[in-house]
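A.B. asks: With the sequence up front, the predicted model follows.
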Amino acid sequence: MHQKIGKKQRLYLYIVIFLLLSTLNNHKLVKSDFFNFKISEINVFGLSEKNNLIISDNIKNIITENIFLVKKEFLTETLKKNSLVNSFEIKKIFPNKLNIKIEKTEFLAITNINGQNYFVGSNGKLTKYENTKKSLPYIFGLVNISKFVEFVEVVKISKYNFNSIKEIYFYPSGRWDIKNNDGQLVKLPSENLKLKLDSISLLQKNENFKNARIIDLRFKNKIIVTDD
């Protein structure tokens with residue numbers, strides 16, 4: 001309902017502007033800044049100052065376009081290409097300003113591709129690695145990024161603490177192993193992942209499994225534990 005009201009208000013505004021522009025007695029008003037609809041300012045928020053400026057620079061070629069004629073498809077495609085962008089909101093501030101609010105992607109892990117380290121984002125994109133104070137797990141293997149994002153989503157809805165993971169191993173079969181900060185390695189099956197992750201949380205609370213170094217959950221109805 002609010003969206004429909006907004007469209008009506010814009011339509012009324014366009015009609016008023018058209019009438020004003022069509023009136024011969026309003027030449028001075030037409031020449032004033034009020035009717036200067038060329039974009040003169042683009043503000044980007046949500047990332048670091050450096051990365052906000054990079055995005056501004058990428059879209060600066062529309063800086064002189066009429067604000068009513070801005071192609072949102074161009075803005076959308078430009079923003080989607082940036083690996084740091086998870087989502088965004090574009091607002092036209094009349095008469096000549098654009099505000100772009102960005103939600104930054106969450107870095108989930110670090111992986112190496114062809115000798116170069118990358119952050120793996122929750123948006124399924126890779127960002128060139130830079131030093132960070134945040135502790136992130138390292139992925140070994142030729143990881144399928146979309147499958148990894150799905151894997152993290154399952155871990156986060158399970159009882160297993162994703163933040164306790166130090167290393168993640170991806171296998172061509174689509175299976176995962178995880179090693180936590182205490183050095184305990186868990187071998188996971190390719191199916192019933194959430195159920196198996198929930199069971200790890202229970203095992204870790206059991207004194208009989210306190211010294212377990214390897215917990216193998218790959219087999220149906222069986223748990224194999226190695227203490228050394």
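C.D. replies: Structure received.
A.B. asks: For residue 38, give me its contacts.
C.D. replies: Residues in contact with residue 38 (CB atoms under 8 Å, 6 or more residues apart in numbering) are 64-67, 96. C-beta: built from backbone N, CA, C; applies to glycine.
A.B. asks: Same check on residue 46?
C.D. replies: 52, 88, 101-104 are the contacts of residue 46 under CB under 8 Å, 6+ apart.
A.B. asks: Now, of those, which are buried?
C.D. replies: 52, 88, 102, 104 (16 or more other CB atoms under 10 Å).
A.B. asks: can you give me the end-to-end distance of stretch 54-70?
C.D. replies: 19 Å (CA to CA, to the nearest Å).
A.B. asks: what residues does that stretch touch?
C.D. replies: Applying CB under 8 Å, 6+ apart, the contact partners of stretch 54-70 are 14, 37-40, 42-44, 47, 71, 74-75, 78-79, 82, 92, 94-98, 100, 102.
A.B. asks: 10 Å instead?
C.D. replies: By CB atoms under 10 Å, 6 or more residues apart in numbering, the residues outside stretch 54-70 that reach it are 10, 14, 17, 36-44, 46-48, 71, 74-75, 78-79, 81-82, 84-85, 88, 90, 92-98, 100, 102.
A.B. asks: Buried only: go through the residues you listed for me.
C.D. replies: Looks like these have 17, 37, 39, 42, 44, 46-47, 75, 78-79, 82, 84-85, 88, 92, 95-96, 98, 100, 102 buried, using 16+ other CB under 10 Å.
A.B. asks: Distance from the chain centre to stretch 130-140, please.
C.D. replies: 16 Å (CA atoms, centre = their mean, to the nearest Å).
A.B. asks: That should have said stretch 205-213, apologies.
C.D. replies: Centroid displacement of stretch 205-213 relative to its chain, using CA atoms, centre = their mean, is 36 Å.
A.B. asks: Which of the contacts of residue 38 sits closest to residue 109?
C.D. replies: residue 65 (39.6 Å; CB to CB).
A.B. asks: tell me the helices in the chain, going along the chain?
C.D. replies: 2-22, 27-31, 49-58, 72-80, 145-157, 193-204 (DSSP state H).
A.B. asks: quick one: which of these has the weakest pLDDT on average?
C.D. replies: Per-segment mean pLDDT for the helices of the chain reaches its minimum on helix 27-31, at a mean of 49.
A.B. asks: my read: residue 93 touches residue 43, true?
C.D. replies: Yes. Using CB atoms under 10 Å, residue 93 is in contact with residue 43, at 8.6 Å.
A.B. asks: Now do the shared contacts for the two.
C.D. replies: Common neighbours of residue 93 and residue 43 are listed as residue 99 (criterion: CB under 10 Å, 6+ apart).
A.B. asks: quick one on the thing from earlier: looking at the buried ones among the contacts of stretch 54-70, which are in strands?
C.D. replies: Of those, the ones assigned to strands by DSSP state E are 42, 44, 85, 88, 92, 98, 100, 102.
A.B. asks: And the first one, how far from residue 84?
C.D. replies: When CB to CB, to the nearest Å is applied, the distance between residue 42 and residue 84 equals 17 Å.
A.B. asks: ditto for residue 69
C.D. replies: Where residue 84 is concerned, residue 69 sits at a distance of 28 Å (CB to CB).
A.B. asks: can you pull the alpha-carbon coordinates of stretch 100-107 into CSV?
C.D. replies: Below are the C-alpha coordinates for stretch 100-107, written out as CSV (Å, rounded to 0.1, in the frame of the first residue of the first chain):
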residue,chain,number,x,y,z
ILE,A,100,23.6,4.2,-2.1
LYS,A,101,23.5,2.2,1.2
ILE,A,102,25.4,-1.1,1.1
GLU,A,103,25.4,-4.1,3.3
LYS,A,104,28.8,-5.7,3.3
THR,A,105,29.2,-9.4,2.7
GLU,A,106,30.3,-11.5,5.7
PHE,A,107,33.7,-13.1,5.2
